[in-house]
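Visitor: let's see this in three dimensions:
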Amino acid sequence: MRELLCYPLNISLADRHKDEIRDIAISASKELELEVKMRGVEEEWTEQVLTFGNYKRRGPVLLVKEDSERLLEQLEDAQALLANMLTSKHIGNWLLV
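Guide: Next comes the predicted model:
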């Protein structure tokens with residue numbers, strides 16, 4: 001019964017602070033989106049393997065060209081994504097972690 005009496009008060013309180021509640025919800029959503037992107041980049045680069053090829057009699061000391069080109073393209077994409085994320089106003093708390 002007590003919860004029912006508080007319900008009109010909660011609606012009034014929510015109406016007064018709806019803009020703040022909306023802003024907090026939007027910020028939380030954007031922060032989650034950034035977190036998901038960041039984890040995706042982390043997973044992608046955690047799984048990368050460098051492939052080496054033999055050079056004369058010195059053994060595997062050269063990176064394989066085809067694999068290196070693919071990795072460089074992925075690196076450029078990841079750098080662009082991270083640079084874009086750094087411009088977001090929602091990244092502030094992530095910089096502290």
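Visitor: packing partners of the longest helix anywhere in the chain?
Guide: Across the chain, the helix with the greatest residue count (assigned by DSSP state H) is helix 18-46. On a contact count with 3 or more CB pairs under 8 Å, 6 or more residues apart in numbering; DSSP states H and E, helix 18-46 meets helix 65-86, helix 92-95. Bear in mind the C-beta positions are built from the backbone N, C-alpha and C, glycine included.
Visitor: what mean pLDDT does that helix have?
Guide: Per-region confidence: helix 18-46 scores 88 on mean pLDDT.
Visitor: so how far is it off the chain centroid?
Guide: On the basis of CA atoms, centre = their mean, to the nearest Å, the separation between the geometric centre of helix 18-46 and that of its chain is 7 Å.
Visitor: any chance of the helices and strands packed on helix 18-46 in a markdown table with mean pLDDT, distance to Val41 and mean neighbour count as columns?
Guide: Written out in a markdown table, the entries for these read as follows (pLDDT from 0 to 100; distance: least, CB to CB, whole Å; neighbours: other CB atoms under 10 Å):
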| stretch | mean pLDDT | distance to Val41 | mean neighbour count |
| --- | --- | --- | --- |
| helix 65-86 | 91 | 5 | 12 |
| helix 92-95 | 59 | 12 | 10 |
